[in-house]
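Sequence and predicted structure are below.
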Amino acid sequence: MPLIAPSMLSADFLKLGEEIDMINNSEADWFHLDVMDGLFVPNISYGMPIIAQIKKRATKTCDVHLMIENPERYLEDFKKAGADYLTVHYETGYHIHRTLTSIRALGMKAGLAINPHTPVEMVQDIIHEIDLLLVMSINPGFGGQKFLPLTYNKIRKAKALITAAGASTLIEIDGGVTMDNAASIIEAGADVLVAGNTVFASPDPTDTIKRLKQVGK
Ligand code: DX5
Ligand code: ZN
């Protein structure tokens, strides 16, 4: 059974409390929280104060996805805001090994995200430092984009690499996950599905989460 991480980027921020309660009361596993700086990605979302507010009400794991340049400057701030998993992008750092080690030293699970153009093999030598490998299935920056089919091959490669290394890294897929492609994504080897638009634009988000959870069972 996959872990389901609804992305709050697609939530209605005018009723944030209700949206959080909906996730709390659903079969979702994690809150996926997207931080964008307008530099690494062409969009700006929200930062620590909003995450800290969400954390106060959330009863589930907070999975924070940093799409920001120089993320190493803010690790402690996101720990304080309530991140349980903190994911940085491979493409943002000269010293990713150090950043991952620092995230764990602060008591968080360490995540590493790779953009569609970044080969999975780039993480091979540091796989044991990665609790969560986030494979982007769109170009990051916006919700509601179309899933890139090249991702399937990357998931298979990531799964093989993790298995061969004897690592316990989880594979998370982020971007364009729908009811139609979720089964194939799971079959390829994904452990965690992020879903923004599919959950929040559906007529019954709680039921959509339930149905995503059943995929590949
Ligand atoms: C985009 C974010 C995603 C986004 C996914 O850069 O990382 O988490 O919210 O949204 P959907 O599921 O709508 O593609
Ligand atoms: Zn994300």
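Okay, I see it. Numbers count the residues shown, from 1 in each chain. Ligands and ions are numbered 1, 2, ... in the order given.

Nearest residue to Gly47 in space, please, no chain neighbours.
Once flanking residues are discounted, Gly47 sits nearest to Val35: 5.9 Å by CB to CB, 6 or more residues apart in numbering. Placement of C-beta: from N, CA and C, glycine included.

what does Ile126 give?
Nearest-residue entry for Ile126: His97, 5.3 Å, with adjacent residues in sequence omitted and distances by CB to CB, 6+ apart.

ok so the one you found is a helix residue?
Yes. Read with DSSP: H, G, I helix; E, B strand; the rest coil, His97 is one of the residues of a helix.

now it: how far from ligand 1?
For His97, the distance to ligand 1 (CB to the nearest ligand atom, to the nearest Å) stands at 23 Å.

ok, now Gln214?
18 Å.

count of neighbours near the nearest residue to that residue once chain neighbours are set aside?
Closest residue to Gln214 in three dimensions, ignoring its sequence neighbours and counting by CB to CB, 6+ apart: Met1, at 7.9 Å. Taking other CB atoms under 10 Å as the criterion, the count of residues near Met1 is 12.

which helices and strands does the lengthiest helix in the chain pack with?
Among the elements of the chain assigned as helix by DSSP state H, the one spanning the most residues is helix 150-165. Secondary-structure packing of helix 150-165 (3 or more CB pairs under 8 Å, 6 or more residues apart in numbering; DSSP states H and E): strand 132-136, strand 170-174, helix 182-188.

how about CSV for these, with distance to Pro71 added?
Formatted as CSV, the entries for the helices and strands packed on helix 150-165 read as follows, by distance: least, CB to CB, whole Å:
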stretch, distance to Pro71
strand 132-136, 13
strand 170-174, 16
helix 182-188, 26
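
how about low-confidence regions in this structure?
Using pLDDT under 70 as the threshold, the predicted model of the chain has low-confidence ranges 217.

What sits closest to Glu187 if chain neighbours are left out?
Taking CB to CB, 6+ apart as the measure, Glu187 lies nearest to Gly216, with 6.4 Å between them; neighbours along the chain are not counted.
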